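**Student:** Got a predicted structure plus its sequence, pasted below:
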Amino acid sequence: MNYVFEFGQVFAAWDELLAGALRTLWLSAASMAIGLVVAIAGALGKTSGPRWLRWVIDAYIELIRNTPFLIQIFMVFFGLPAIGIRLEADQAALLALVINVGAYGIEIIRAGIESIQKGQIEAGKALGLHPLQIFRHIVLKPALQAIYPSLTSQFILLMLNSSVCSAIAASELTAAANDIQARNFRSFEVYFVVTGMYFVLSLMFWGIFAWVERTFLRQPATR
Amino acid sequence: MILSHPIRRRSLGGLLALGGAATLMPGLTRAAKAATPDEIKKRGHIMVGVLTDYPPFGGIDSSQNPAGYDVDVARLAAQALGVELRLVPVTGPNRIPFLLTNKVDMLIATFGITEERAKQVLFSNPYSALTTYILAPKSLAIRTPEDLKGIRVGVARASTQDIAVSAIAPREIRLMRFDDDATVTQSLISGQTQAIGASNTILAQLTANYAQLQIEPKFTLRAQANGMAFRKQDEALRDWSNTFIKTITDNGELGKIHQRWFNVAMDPLPPMPQF
Amino acid sequence: MRSLGPNEIWFILLAVRWTLLLSIAAFAGGTVGGLLIALMRTSRFKGLRWAAIAYIKLFQGTPLLMQLVLAFFVPGIFGIDVDPWGAAALGLSLHASAFLGEIWRGCIEVVPKGQWEASSALGLRYWNQMRHIVVPQAFRIAIPPTVGFLVQLIKATSLASIIGFVELTRAAQVINNAVFQPFTIFGLVALTYFIVCWPLSLYSRRMEQKLALATR
């Protein structure tokens, strides 16, 4: 092994790395929030919309789920200007991520809607529960419990996927890494540190998600 | 010519037969030790990193093999050494990592000689030259670096244009870094950037194919001398290459290559930059 | 500069073979690694379980792009020459091992504890329990999520383009760099991926529905 490690030059750029990590956080949180809205709308359209709408939503889901994200982001960034829509790199990254996560989210939300049992709602009514109580305890909570694991792992995947946005000059953690290694040529050191930073972000989110589940979504002790 | 594409070199049948464990094995070979001309002659091949996305210096021909000025120079070098040429496609940002992690013996990859890079690698004397400019449509009024305020400017990450623009640009510039020159050019054509830092060869391409964009050079970024690049310890190979460059310059072979790819006679090569 | 002709389109379409070969190599490597991880993850030994969990978390908690970049640079540092093909196959195999390992762990755990105890009582050892009791049951339910992951893996090979392996996506970039028609070229590439992936997705879903009906 005749390679001399030089991590000093990487840590010297800590402010750039931190800014990149914050951009990654912002980008993934924003696209998850908007993506969730797309997913809920899509799931409602798919479960109770007219036939043509269901067909359109199906086509959207299949198209996105069966093509690579890298191609999708190229299409948004370089393809859309051809039809007169020019987005900034960061906007294009956000849009591509929303389109992508929306397609996965629809199926997750739909599974949640379908997990609601009509009979239980009737039972709740018969017991004289207030409609808000019914919504909270019989509709929302079980549905959230059903979709929570898939939804949160989708969020982690989304955050990790956002690293691909560096290909269109969007500003986020991987782009920061690219810029730093272009200056000091310590490619291995830079990518090693940045991989570690992504892992810390993942650990953080796993922790937060687990805490939310324990605190707000715990199964009542009926079993 | 043998293109150093791994799968063409190694049989894939064995890999598929062996299944999983074997997938970890292809491509694993012992790295070359110090690359000296003698060692290269003994092993019978030389691995040269070239660009494939920067025509006419390094592009691909109609049968999709690497082709261009750099490739022709590499071929001459292998001939002079009497060894087989294995071309390894590299990109602008991964050129130095490829060299430093022993994936190539040397780079002939339109690599501009700069002080920063000279700290990492050894350079030969210049074997080609180009000029880089800020390119933008005629309608955009840019005369000085100051005029780049608020303009979206595209450059290839880690290129000499990147370094030059970063050095002269006002704070308000919106610099966008892409992975290669072709993507940068793409960004200008699609309107994602308003101006780009690029060379005269890119300008010629844009003028020939996108005349309606009316792209023109706004001001010169730098006159760039390109050198072959080597690992720090490979001084013997560098010295051999300097002699080789002098030989093909004097006997007119380099001039012929220039004529072939640029359709004009070659200007005298610039002197070796001193830092 | 050239224009987009049959030659260029053919070059792009031919590159799909590298995408397929890389997917097969990564899936084969991931199968071996994934089995190992799944067995470790369900093992009786705490140390093995923890090692498997750490491995899975590490690969599920970092971007695949970074895994590929590191698979490319790390061996070089130790003096082992890995070309982009080797690096991509290695990185994707390690990545697939984590995800397949986690998928198959779930399938193994579906087999009720009682069956393990009963077969122990019958004198079956670990490997025989696996072979006769667990695998036949786990295999059936493993098919849909495994095929689903295969689709993810095929799409993931597009990232190998970033470390310089010339597969479908990189071929499209190289051609696009010469002819500058992004919409047509990337559209064509998207369609190619779709033609490869969609039947697999459909198959995975059909099997899942069949299974859901059978176990209801």
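**Tutor:** In hand now; what should we look at?
**Student:** the helices in chain C, which residues?
**Tutor:** C:6-14, C:16-41, C:46-60, C:64-77, C:84-110, C:113-121, C:126-129, C:135-156, C:168-179, C:182-215 (DSSP state H).
**Student:** low-scoring stretches of chain B, by residue?
**Tutor:** B:1-33, B:62-64 (pLDDT under 70).
**Student:** all strands for it, in order.
**Tutor:** Under the criterion DSSP state E, strands of chain B are mapped to B:2-3, B:29-30, B:45-51, B:59-60, B:66-67, B:84-90, B:106-112, B:122-137, B:152-156, B:174-178, B:195-199, B:215-230.
**Student:** and of those, who's closest to chain C?
**Tutor:** Chain C lies closest, by C-beta to the nearest C-beta, to one member of these: strand B:29-30, at 5.3 Å. All C-beta atoms are positioned from the backbone trio N, CA, C, and that covers glycine.
**Student:** Which helix or which strand is home to the closest residue to chain B within chain A?
**Tutor:** Chain B sits closest to residue A:182 of chain A, with a gap of 3.4 Å, by C-beta to the nearest C-beta. Using DSSP states H and E, residue A:182 falls within helix A:173-184.
**Student:** touching chain B at all, the helix or strand that that helix is followed by?
**Tutor:** Note on helix A:173-184: by DSSP H and E, the next helix or strand toward the C-terminus is helix A:187-216. Yes. Helix A:187-216 reaches chain B (C-beta under 8 Å from any C-beta of the partner chain) through A:187, A:188.
**Student:** hmm, helix A:187-216 touching chain C?
**Tutor:** Yes. Helix A:187-216 reaches chain C (C-beta under 8 Å from any C-beta) through A:187, A:188, A:191, A:192, A:194, A:195, A:198, A:199, A:202, A:203, A:206.
**Student:** got the CA coordinates for stretch A:119-128 in PDB?
**Tutor:** In PDB, the C-alpha atoms belonging to stretch A:119-128 read as follows (Å, rounded to 0.1, in the frame of the first residue of the first chain):
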ATOM      1  CA  GLY A 119     -66.900  -2.800   9.500                       C
ATOM      2  CA  GLN A 120     -64.900  -1.200  12.300                       C
ATOM      3  CA  ILE A 121     -66.200   2.300  11.300                       C
ATOM      4  CA  GLU A 122     -69.700   0.900  11.500                       C
ATOM      5  CA  ALA A 123     -68.900  -0.700  14.900                       C
ATOM      6  CA  GLY A 124     -67.500   2.700  16.100                       C
ATOM      7  CA  LYS A 125     -70.700   4.400  15.000                       C
ATOM      8  CA  ALA A 126     -72.800   1.800  16.800                       C
ATOM      9  CA  LEU A 127     -70.800   2.400  20.000                       C
ATOM     10  CA  GLY A 128     -71.700   6.000  19.700                       C
END
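**Student:** Tell me which residues of that stretch come out buried.
**Tutor:** A:121, A:124 (16 or more other C-beta atoms under 10 Å in any protein chain shown).
**Student:** Not counting its own residues, what contacts that stretch?
**Tutor:** If you take C-beta atoms under 8 Å, 6 or more residues apart in numbering or on different chains as the criterion, stretch A:119-128 is touched by A:133, A:134, A:137, A:138, A:139.
**Student:** if you set the cut-off to 10 Å instead, what comes out?
**Tutor:** If you take C-beta atoms under 10 Å, 6 or more residues apart in numbering or on different chains as the criterion, stretch A:119-128 is touched by A:117, A:129, A:130, A:131, A:133, A:134, A:135, A:137, A:138, A:139, A:142.
**Student:** Mean confidence (pLDDT) on it, please.
**Tutor:** For stretch A:119-128, the mean pLDDT works out to 86.
**Student:** ok, back up a step: okay, the residue of chain A closest to chain B and residue B:104: tell me how far apart.
**Tutor:** Distance check for residue A:182 against residue B:104: by C-beta to C-beta, to the nearest Å, it reads 19 Å.
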